[in-house]
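Chemist: sequence and predicted model, in that order:
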Amino acid sequence: MKTENLLTGDRPTGKLHIGHYIGSLKNRVQLQSEYNSYIMIADQQALTDNARNPEKIKNSLIEVALDYLSVGIDPSQSNIFIQSQIPELNELTMHYLNIVTVSRLQRNPTVKTEIKEKNFNQSIPAGFLIYPVSQAADITAFKATVIPVGDDQLPMIEQTNEIVRSFNSIYKKEVLVEAKALLPNKESRRLPGIDGKAKMSKSLNNAIYLSDSADIVQKKIMSMYTDPNHIRVEDPGNVENNTVFTYLDAFCTDKEKLIGMKEHYQRGGLGDVKVKRYLNDILQAELEPIRKKRIEYEKNQDYVYGVLRQGSQNARAIAAQTLDEVRGAIGINYFENR
């Protein structure tokens, strides 16, 4: 019997790539049989820095949903919902903002890093600054105790738990529950872009998407960054910081063969093309079933929207119950029993 609630999700700012897949999606498929899983498409969070381009979010939302279903996230086991369709989350955010200071938000390491990455300088959208509080509302609304995150998101869990403790202390009721981070294993680490850069993204044009055709995947793999000093086949090569081998570490299940290939590459005599072809064979085998399922779901988008509608209705009922408890603790359920 599932006893713990798990919350995870993604911002809908484009199709999901294989970095998402190896970093979180495969894990979610496994975890859905162990936890009461709530998977949120965080469109409101995405709008904090895309408010002037809502069509981008609207168009990406269905793409993310298609990716979820095609990798095996099962609506009968996981509740897939849209953040903006749960207005209770907004009221929870407002209540939590009353017990969080601006200086505390500005000290959040994750927020500081993203402000720098997005070049906001002093023009920080207020919605972006407070999104850790919004995230706390998302987590506590479903009384999620398990949150799969990367190391960079640990400050968000810490701030959520601070809010939980403050709220329960101020109002002298144990309404909210603390959450713990579920960190990825080594195999689920973040993949670099095909150009060797640390970040894989649409804007950098260095990602392999779950929806890419076989031809496009092959073309991207053959253009991958390797060892710039491995000029001739007979030259010794470096497997460290070599994008092709990083991907093989993530996707190759024949570890004995991979060890032998690395040794061969390091002593010389193994060319980049051969290694890339091996990676292509492995990735095509991994992605082909996903592509086929995705094509079928694309043909039946009424079903996909039905999944999202039902998931959002289910999620809203849970969030409403939590909000009622929060309002009761604060003492603003004025008309109850009247």
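Modeler: Sure thing, it's come through.

Chemist: any idea how far Val233 is from Val217?
Modeler: Per C-beta to C-beta, to the nearest Å, Val217 is found 24 Å from Val233. For every residue, glycine as well, the C-beta is placed using N, CA and C.

Chemist: which of these two has more neighbours?
Modeler: A direct count of neighbours by other C-beta atoms under 10 Å for Val217 and Val233 places Val217 higher, at 22 against 13.

Chemist: quick one: residues contacting that one.
Modeler: Contacts for Val217 (C-beta atoms under 8 Å, 6 or more residues apart in numbering) come out as 208, 280, 283-284, 287.

Chemist: mind checking the SS state of it?
Modeler: Put simply, Val217 is helix when judged by DSSP: H, G, I helix; E, B strand; the rest coil.

Chemist: same question, Met40
Modeler: Assignment for Met40 (three-state DSSP): strand.

Chemist: likewise Glu234?
Modeler: Classification of Glu234 using three-state DSSP returns coil.

Chemist: same check on Arg52?
Modeler: At Arg52 the chain is in coil, as set by three-state DSSP.

Chemist: could you dump the contacts of Val217 into a markdown table and include pLDDT?
Modeler: Shown next, in a markdown table, are these (pLDDT from 0 to 100):
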| residue | pLDDT |
| --- | --- |
| Ile208 | 97 |
| Asn280 | 98 |
| Leu283 | 98 |
| Gln284 | 98 |
| Leu287 | 97 |
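
Chemist: now, of the residues you listed, which are buried?
Modeler: Among those, those classed as buried by 16 or more other C-beta atoms under 10 Å are 208, 280, 283, 287.

Chemist: ramachandran angles for the last one?
Modeler: So the one you mean is Leu287. Here is the backbone geometry of Leu287 (degrees, to the nearest 10): phi -90, psi -20.

Chemist: which of the residues in stretch 117-132 are buried?
Modeler: By neighbour count with 16+ other C-beta under 10 Å, stretch 117-132 contains the buried residues 124, 128-132.

Chemist: outside of it, which residues touch it?
Modeler: Stretch 117-132 is contacted from outside by 45, 47-49, 51, 93, 97, 102, 105-106, 108, 110-111, 114-115, 155-156, 159-160, using C-beta under 8 Å, 6+ apart.

Chemist: got the domain boundaries for this protein?
Modeler: Following automatic domain parsing, one gets these domains for the chain: 5-190+301-330, 214-296.

Chemist: show me where the stretch 1-150 of the chain has its strands.
Modeler: Remark: strands assigned in the stretch 1-150 of the chain by DSSP state E, counting those that start in this stretch are 5-10, 36-41, 78-82, 146-148.

Chemist: which of these sits closest to Glu88?
Modeler: Glu88 sits nearest to strand 78-82 of all those, at 11.8 Å, using C-beta to C-beta.

Chemist: what packs against the closest one?
Modeler: With contacts taken as 3 or more C-beta pairs under 8 Å, 6 or more residues apart in numbering; DSSP states H and E, strand 78-82 sits against strand 36-41, helix 54-71, helix 301-330.

Chemist: just name the most buried of the ones you listed.
Modeler: Mean neighbours per residue, mean count of other C-beta atoms under 10 Å, is largest over those for strand 36-41, with a mean of 25.
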